[in-house]
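Pasting the sequence and the predicted model now:
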Amino acid sequence: MLKNTPNTPPTLPEGPKRGHAPPPKEAEPKARNENDLLIRDLVEPVYQVEPTAIVRDVKQSLEGDNPISAIVVVNGNRPVGLVMSIHLDRTLSQQYGVALYHKKPVDQVMDSQPLIVEGNSAVEVVANKAMLREKSKIFDHIIVTDKGVLQGIVSVQVILQTLAGLQASKNLEIAAVNKKLTAAKKKTDSMNRALRNAFDRLQEVDKMKTDFLSMVSHELRTPLTSVLGFGEIAQHKLKDEIIPNLNMEQDIAIKAARTVESNVDIILTESERLTALVNDVLDIAKLEAGKIEWKKRPININDVVERAVSATSALFRNKGLKLETELAQDLPKIHGDQDRLIQVVINLLSNAQKFTQHGSVICRSQLVNGVVEVRIIDTGQGIASEDQPKVFDKFRQVGETLTDKPMGTGLGLPICRQIIQSHDGIIGVESVLGEGSQFWFTIPPDVYGNMEDRVSNLDSLKLRLSEASLAAAGSDAPLKAVVPVGKLGRLLLVDHDPSIRERLCISLEQEGFTVTEAVGEDEAREALTRQIPDMVVMRFMMPTAQEFKLANVIAGNKALAGVPVMMLTVKDTADERFFMSLDRYFPNPVKASAIVSEISAIGRKQGPVRSV
């Protein structure tokens, strides 16, 4: 008996079990996207028969007036085989012949290993499984189950058509998305161009502002100098010559003179304030334009603090405030511009004095988390929490600007921030309104410390490279110069600045050294092929890899391996690899006597260069 199976399979009577192998176990379905199409969405009803059904009845159903393409053979409600109309005649002819086929049960001619999948399998996964079967079975129907219970069948052609439709739909979606992305990219490109143009314009405006401030400030200095000069002369004349010689009965004249004297005092006071403002504007303009000439060297921060305290102590005495210092000893040196750092501490101390009416101010130095810290602690009026982030803004003065009298230019703290940042440091403020403020800054210790530390660090970094070649400069010939033993006297001085070379030569020759001058690397290479010096001294403004190339060549040449190399430079470089070929390194400016002392120290340590 044939039974049609809708989406929910009917309950069928048990048929005899004929020992057919069960269908292969379905693998666990992979994790799928929630938008994946499942095979159960394509399932169709199917005719089913028990394994004992006669082949004749099955064949009539497959080839009758309303033929069907496939029948599922079930044992109970579980599929055990599949009969496809396109395969039945061939199977019968191969096994039985025409005369006997109609008497056999259907389980003798069915495909006992059809493709059976669970309904929650993705359509794409099922299609791939179908395509992996042997060629004759690729287009056989696929049996769909739910936990092993028959649900129906699906045609491979339907699967392929469905996937083709899905792909076409995806292509349309992708095209639409690409169109939107193209439009968005055009819009983004346009916005980026506008932002670049705006940024360039802002930079141009900022440069114009800086140049304008610098120009105006310079132009103001000349008339201010005249105003201050003539004001001081007028003040002196009034106090020493005019007022003392007036007749005490000339009340009108005396009052006029006193008025003029008071006005002159105001002129001088305001001129000094305007001069301070002009100097601050020049400083901030130079700092922002990167035109400050830094004079950095290893310094002790306590020396900076003591000089700043000495310069401002009169302000505290006149106001009746106590200025205390708490300086930690044995602090590591920092690498900095001493005058500029003194300017920072003076500015912070002056601010503390201005805004502190009673109590004291403490200036403290200490080592905090490996960096040198200076902290100014006052008992003044304090700063509101919302105003603290603004104190380092240019021309910004916190407090009630309508009621409080301005007490500065508003540029002192921004200048301090620029100076500290140029020393790789950090500056900040901590304050409680009504209780006082603490302004602080930190600067990392000098990488090399004092000169002895520099020598030690450079010796540890020293790496003699493999033989570099002076051959490129024509140095194939052996170097035969002979240097007297026991005396370090022959120097090669490499410097682009003729005035510096001349000054160094004079100082060195006065000490008994013989100096050979070279303008640059090429002349130095040529000089080295003619004679081996006892030492090479190089001076460069801004050291780069190119400037260190000559030192590397000397270090890698066997004939020159014993020649010490010393470099003088204006600015340190953070790349320690450059220092590997040096025996001494320290920054300019440096006195000629210090250079002579260092050269002598190297000579005592290294000893003379013997004949080669």
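Cool, got the structure. Numbering: from 1, shown residues only.

rest of the way, CA atoms for contacts and neighbours
Will do.

Give me the neighbour count for residue 202.
Residue 202 is flanked by 12 other residues according to other CA atoms under 10 Å.

Now do it against residue 390, distance only.
For residue 202, the distance to residue 390 equals 22 Å [CA to CA, to the nearest Å].

cool, residue 138 as well?
Distance, residue 138 to residue 390, by CA to CA: 77 Å.

Residue 82 now?
83 Å.

Pick out whichever of those two has more residues nearby.
Neighbour count, other CA under 10 Å: between residue 82 and residue 390, residue 82 has more, with 27 against 13.

And the helix or strand hosting that one, how far out from the chain middle?
Here residue 82, judged by DSSP states H and E, is contained in strand 78-84. Distance of strand 78-84 from the chain centroid (CA atoms, centre = their mean, to the nearest Å) equals 67 Å.

Now do the following helix or strand past that strand: which elements does it pack against?
Remark: after strand 78-84, the chain's next helix or strand is helix 85-95, criterion DSSP H and E. Applying 3 or more CA pairs under 8 Å, 6 or more residues apart in numbering; DSSP states H and E, one finds that helix 85-95 contacts helix 55-63.

The helix it packs on packs against which elements?
Counting by 3+ CA pairs under 8 Å, 6+ apart, helix 55-63 packs on helix 85-95.

For the helix or strand containing residue 179, what does the pLDDT average out to?
Residue 179 is part of helix 156-237 when elements are defined by DSSP H and E. For helix 156-237, mean pLDDT is 83.

Residue 233 versus residue 224, what's the distance?
14 Å.

Tell me how far the helix or strand that contains residue 529 lies from the chain's centre.
Per DSSP H and E: residue 529 is located in helix 521-530. Averaging C-alpha positions (CA atoms, centre = their mean) puts helix 521-530 41 Å from its chain's average.

likewise stretch 131-147?
Relative to the mean C-alpha coordinate of its chain, stretch 131-147 is positioned 58 Å out (CA atoms, centre = their mean).

now do stretch 201-211
Distance, stretch centre to chain centre, for stretch 201-211: 26 Å (CA atoms, centre = their mean).

mind checking the backbone torsions on the most centrally placed residue in the chain?
Per CA atoms, centre = their mean, the C-alpha nearest to the average position across the chain is that of residue 424, at 15.3 Å. Per-residue torsions, residue 424: phi 60, psi 30 (degrees, to the nearest 10).

Ok, residue 141 next?
Backbone phi and psi, for residue 141 under degrees, to the nearest 10, turn out to be phi -60, psi 150.

Next, the contact list for it, please.
Counting by CA atoms under 8 Å, 6 or more residues apart in numbering, residue 141 touches 70, 84, 115, 153-156.

nearest to residue 189, of those residues?
Nearest to residue 189 among those: residue 156, at 47.8 Å, using CA to CA.

Please look at the closest one and residue 143 and confirm they touch.
No: with contact defined as CA atoms under 8 Å, residue 156 does not count as touching residue 143 (10.7 Å).

and these two? which has more neighbours close in?
In this view residue 156 and residue 143 are compared by other CA under 10 Å, and residue 143 has more residues nearby, 24 against 18.

Which elements pack onto the helix or strand where that one lies?
Residue 143 is part of strand 142-146 when elements are defined by DSSP H and E. For strand 142-146, the elements it packs on are strand 116-118, strand 149-154, judged by 3+ CA pairs under 8 Å, 6+ apart.

Mind putting these into TSV with distance to residue 47 and mean neighbour count?
Shown next, in TSV, are the helices and strands packed on strand 142-146 (distance: least, CA to CA, whole Å; neighbours: other CA atoms under 10 Å):
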stretch	distance to residue 47	mean neighbour count
strand 116-118	16	24
strand 149-154	9	24
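
Tell me which of the ones you listed lies nearest to residue 417.
Per CA to CA, nearest to residue 417 of these: strand 116-118, 71.4 Å.

Just give the strands next to the closest one in its sheet, each with its orientation.
With DSSP bridges as the test, strand 116-118 is paired with strand 142-146 (parallel).

What separation do you get for residue 380 and residue 436?
Residue 380 is 4 Å from residue 436, where distance means CA to CA.

Looking at these two, which is more packed in?
In terms of neighbours (other CA under 10 Å), residue 380 is the more surrounded of residue 380 and residue 436; the figures are 25 against 19.

Surely the more buried one is in a helix?
No: using DSSP: H, G, I helix; E, B strand; the rest coil, the assignment for residue 380 is coil, not a helix.

List phi and psi for it.
Torsion angles at residue 380 (phi, psi; degrees, to the nearest 10) stand at phi -80, psi -160.

pretty sure it contacts residue 357?
Yes: Residue 380 is within contact range of residue 357, at 6.3 Å (criterion: CA under 8 Å).

hmm, back to that, pull up the overlap in contacts between residue 380 and residue 436.
Shared contacts of residue 380 and residue 436 (CA under 8 Å, 6+ apart): residue 356.
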